[in-house]
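Colleague: dropping a prediction and its sequence here:
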Amino acid sequence: MKSEEITIAIISVAFLATIVLSIYFIMKFKVLLPARSDDYGSKRAKSDWQKPGIVVLGIGIGVLLVGILNENNLFTNNDAVNTGIVVVSTGISMIIANNLDKKSKLD
């Protein structure tokens with residue numbers, strides 16, 4: 001019964017994080033979008049989904065690591081470690097996405 005509760009909690013946190021980060025990156029994209037002109041409808045800018053994709057991948061990797069650790073009965077008594085693993089993997093993925101974005105802007 002305990003592992004089912006942990007799984008539901010992890011899925012809920014991952015779903016919430018995905019929604020929050022998606023809204024964040026969509027709003028950030030809208031702010032950076034140039035002002036609309038008359039010919040804007042004919043020539044649409046391609047949206048860059050590399051950063052949100054890497055962040056969601058980091059969340060998925062964190063949830064996968066927590067699932068593997070819980071399946072092997074490691075860190076089962078400490079829920080803070082499970083949340084910490086997801087947060088750290090998300091942070092690492094955000095750093096990687098930011099570095100990749102800086103490199104693409106320099107080119």
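Modeller: Perfect, I can see it now.
Colleague: any regions of this structure where pLDDT drops low?
Modeller: 1, 34-48, 76, 104-107 (pLDDT under 70).
Colleague: do you have the helices of it handy? List them.
Modeller: Shown for the chain, the helices assigned by DSSP state H span residues 2-32, 50-71, 79-106.
Colleague: can you tell me which of those is most buried?
Modeller: The highest mean neighbour count among the helices of the chain, using mean count of other C-beta atoms under 10 Å, belongs to helix 50-71: a mean of 17. (C-beta placed from N, C-alpha, C; glycine too.)
Colleague: how far does that helix sit from the chain's center?
Modeller: 8 Å (C-alpha atoms, centre = their mean, to the nearest Å).
Colleague: C-alpha coordinates for that helix, CSV please?
Modeller: What follows is helix 50-71, C-alpha atoms only, in CSV (Å, rounded to 0.1, in the frame of the first residue of the first chain):
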residue,chain,number,x,y,z
GLN,A,50,14.2,22.4,-27.2
LYS,A,51,14.4,23.9,-23.7
PRO,A,52,11.0,22.7,-22.4
GLY,A,53,11.7,19.3,-23.9
ILE,A,54,15.0,18.9,-22.1
VAL,A,55,13.3,20.1,-18.8
VAL,A,56,10.5,17.6,-19.2
LEU,A,57,13.1,14.9,-20.0
GLY,A,58,14.9,15.8,-16.8
ILE,A,59,11.7,15.4,-14.8
GLY,A,60,11.1,12.0,-16.4
ILE,A,61,14.6,10.9,-15.6
GLY,A,62,14.1,12.0,-11.9
VAL,A,63,10.8,10.1,-11.7
LEU,A,64,12.4,7.1,-13.3
LEU,A,65,15.3,7.1,-10.8
VAL,A,66,12.9,7.4,-7.9
GLY,A,67,10.8,4.5,-9.2
ILE,A,68,14.0,2.3,-9.6
LEU,A,69,15.2,3.2,-6.0
ASN,A,70,11.7,2.5,-4.5
GLU,A,71,11.5,-0.8,-6.4
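Colleague: no further queries at this time; thank you.
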